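*Asks:* Take this sequence and fold it.
(chains A and B)
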Amino acid sequence: MNSKKTFSRNIDELQNIFEFLEMNFQKIPIQQKDQFEMELSVEEIFMNMVRHNSGSSEHIEVTFAGDDKTVVLSLIDTEKVPFDITKTKEVDFEEYFREKKSGGLGIHLVKQFMDSVTFDHQNGVSTIIITKHI
Amino acid sequence: MLTIEQVSEHELKFTGRFDASQEKKASDELSKMSQTVTIDMENLDYISSMGLSVLVNTYKRLHETGNTLRLKNISSHVRDVFKYTRLDQIFEIMED
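*Replies:* I've put the predicted structure just below:
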């Protein structure tokens, strides 16, 4: 099954995104743990797009494709300067804790929880696709 | 939606979902705590990195005055988030 919806670039849209995901998760046999990890990954990527492309007023599109084996989610954003999350540095936890940082863990979690994370940028449009085998 | 209940002078109970939209509410509530505080997470179903960031900032602030942040009754999904970010080695986590 496939579904898509656009969301405004606003933190208040998170609840609507979760409702969109929940509506789609109900149509496939998915365990709560997998659902949790996919919701978290979508939030992290969405918030990353909101923060790193704050000058844009374009909506962000979320697409859902899933069956009894795999869920594939895409987040599509219009951005002039691409931010490839797959190329972010691995978190150096020793440095992280030594310097007592408090952010930057979101993309790390996405990479931990998903089986695949891809990034593509063409004609000013960035597409991040996350895949999880359920 | 995240609900924060003050159980006692030094203990809070988090219920629901701690996503990025709940950052201000949680930060405001935790900023009132100046001594060691325990957060009961038995009914916390979800936490994202923004939630972690609020907890880390609270831990850092309390730690500067010799206090700390304790977490208890963490559900399995939420526990995974702490495990994969290695924050389970930073926070004092009280086992069930």
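*Asks:* can we go C-alpha only for contacts and neighbour counts from here?
*Replies:* Will do.
*Asks:* Which residues of chain A lie near chain B?
*Replies:* Proximity of chain A to chain B (Cα under 8 Å from any Cα of the partner chain) is limited to residues A:11-12, A:14, A:33, A:36, A:40, A:43-44, A:47, A:93, A:100, A:102-106, A:108-109, A:112.
*Asks:* Quick one, which of those residues are buried?
*Replies:* With burial judged by 16 or more other Cα atoms under 10 Å in any protein chain shown, the buried subset of these is A:Ile11, A:Leu14, A:Phe36, A:Leu40, A:Glu43, A:Glu44, A:Met47, A:Ser102, A:Leu105, A:Gly106, A:His108, A:Leu109.
*Asks:* between those, which is nearest B:Glu64?
*Replies:* Using Cα to Cα, the shortest approach to B:Glu64 within these belongs to A:Ser102, at 15.1 Å.
*Asks:* Where is the longest helix in chain A?
*Replies:* Here the longest helix in chain A is taken by residue count, with DSSP state H as the criterion, and it is helix A:32-52.
*Asks:* Mind giving me the packing neighbours of the helix or strand following that one?
*Replies:* Beyond helix A:32-52 in the direction of the C-terminus, DSSP states H and E gives the next helix or strand as strand A:60-66. The contact analysis (3 or more Cα pairs under 8 Å, 6 or more residues apart in numbering or on different chains; DSSP states H and E) places strand A:60-66 against strand A:2-7, strand A:70-78.
*Asks:* Switch those over to CSV; also include mean neighbour count and mean pLDDT.
*Replies:* CSV is the format used below for these (neighbours: other Cα atoms under 10 Å in any protein chain shown; pLDDT from 0 to 100):
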stretch, mean neighbour count, mean pLDDT
strand A:2-7, 14, 96
strand A:70-78, 21, 97
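*Asks:* Turn those strands into TSV, including distance to B:Asp80.
*Replies:* Formatted as TSV, those follow (distance: least, Cα to Cα, whole Å):
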stretch	distance to B:Asp80
strand A:2-7	28
strand A:70-78	20
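*Asks:* Next, the contact list for B:Glu92, please.
*Replies:* Contact partners of B:Glu92, counting by Cα atoms under 8 Å, 6 or more residues apart in numbering or on different chains, are B:Thr68, B:Leu69, B:Arg70, B:Leu71.
*Asks:* Check what pLDDT B:Gly16 gets.
*Replies:* The pLDDT attached to B:Gly16 in the predicted structure is 98.
*Asks:* Which strand residues bridge it?
*Replies:* Beta-bridge pairing of B:Gly16 under DSSP bridges involves B:Leu2, B:Leu44.
*Asks:* just A:Val125 next, same as before
*Replies:* For A:Val125, the beta-bridge partners are A:Thr78, A:Gln122 (DSSP bridges).
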